[in-house]
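Participant: Kindly return the folded structure for what I paste below:
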Amino acid sequence: ARKRLKQNDIDAFRRFAMGSIVMGALFIALQASIWVDLWSAGLTLAVGPYGSMFYFLTAFHALHVVVGLGILGWMYVVAPQSTSAVIRNSRAELSAYFWHFVGAVWLIIFFLAYVF
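Facilitator: Below is the predicted model of the structure:
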């Protein structure tokens with residue numbers, strides 16, 4: 001989406017941005033489903049340190065995904081309307097950095113919560 005915005009291809013930018021929004025929302029829905037399943041299976045906060053840490057890490061990450069979805073939604077609306085290409089592209093770059101950070105952190109959380 002960011003590359004298409006730099007090329008001033010607003011339609012492609014919106015398609016890719018909406019795809020990212022849908023994938024982020026799907027991630028939140030799947031994470032919520034996992035929480036419900038694990039809670040029903042007995043993994044609660046009271047079970048011990050693993051349960052507490054699992055819910056803390058995954059909820060903290062989910063919060064960042066929700067913030068990222070807000071940023072993407074804002075970019076979807078505001079970026080095409082910006083009259084300055086410099087401002088528009090810097091906003092897109094910063095939002096992309098945020099998403100890359102959230103994605104990199106998820107790899108660490110995934111390893112700690114599901115593999116370790």
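Participant: buried set for whichever helix or strand residue 19 is part of?
Facilitator: Assigned by DSSP states H and E, residue 19 belongs to helix 10-40. Neighbour-count burial for helix 10-40 flags 13, 14, 16, 17, 20, 21, 24, 27, 35, 38 (criterion: 16 or more other CB atoms under 10 Å). Bear in mind the C-beta positions are built from the backbone N, C-alpha and C, glycine included.
Participant: tell me which of those is nearest to residue 86?
Facilitator: Of all the buried residues of helix 10-40, residue 13 has the smallest distance to residue 86: 16.3 Å, by CB to CB.
Participant: residues in contact with that closest one?
Facilitator: By CB atoms under 8 Å, 6 or more residues apart in numbering, the residues touching residue 13 are 1, 2, 4, 5, 79, 80.
Participant: for the chain, what spans make up the helices?
Facilitator: 2-6, 10-40, 49-78, 85-110 (DSSP state H).
Participant: How about residue 6: what's its closest non-neighbour residue?
Facilitator: Closest residue to residue 6 apart from its sequence neighbours, by CB to CB, 6 or more residues apart in numbering: residue 89 at 5.5 Å.
Participant: I'd like the average pLDDT over stretch 99-109.
Facilitator: For stretch 99-109, mean pLDDT rounds to 93.
Participant: ok, and for stretch 91-110, which residues are buried?
Facilitator: Buried residues in stretch 91-110 (16+ other CB under 10 Å): 91, 92, 95, 96, 99, 102, 106.
Participant: May I ask which two of those residues are separated the most?
Facilitator: 91 and 106 (22.9 Å).
Participant: quick one: the residue nearest to residue 6 and residue 110, what's the gap?
Facilitator: 31 Å (CB to CB, to the nearest Å).
Participant: Same check on residue 12?
Facilitator: On the measure of CB to CB, residue 12 and residue 110 end up 30 Å apart.
Participant: can I get the buried residues of helix 10-40 in a markdown table with pLDDT and distance to residue 65?
Facilitator: Below are the buried residues of helix 10-40 laid out as a markdown table (pLDDT from 0 to 100; distance: CB to CB, whole Å):
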| residue | pLDDT | distance to residue 65 |
| --- | --- | --- |
| 13 | 95 | 21 |
| 14 | 95 | 20 |
| 16 | 96 | 17 |
| 17 | 95 | 15 |
| 20 | 95 | 11 |
| 21 | 96 | 11 |
| 24 | 95 | 6 |
| 27 | 96 | 6 |
| 35 | 96 | 14 |
| 38 | 96 | 18 |
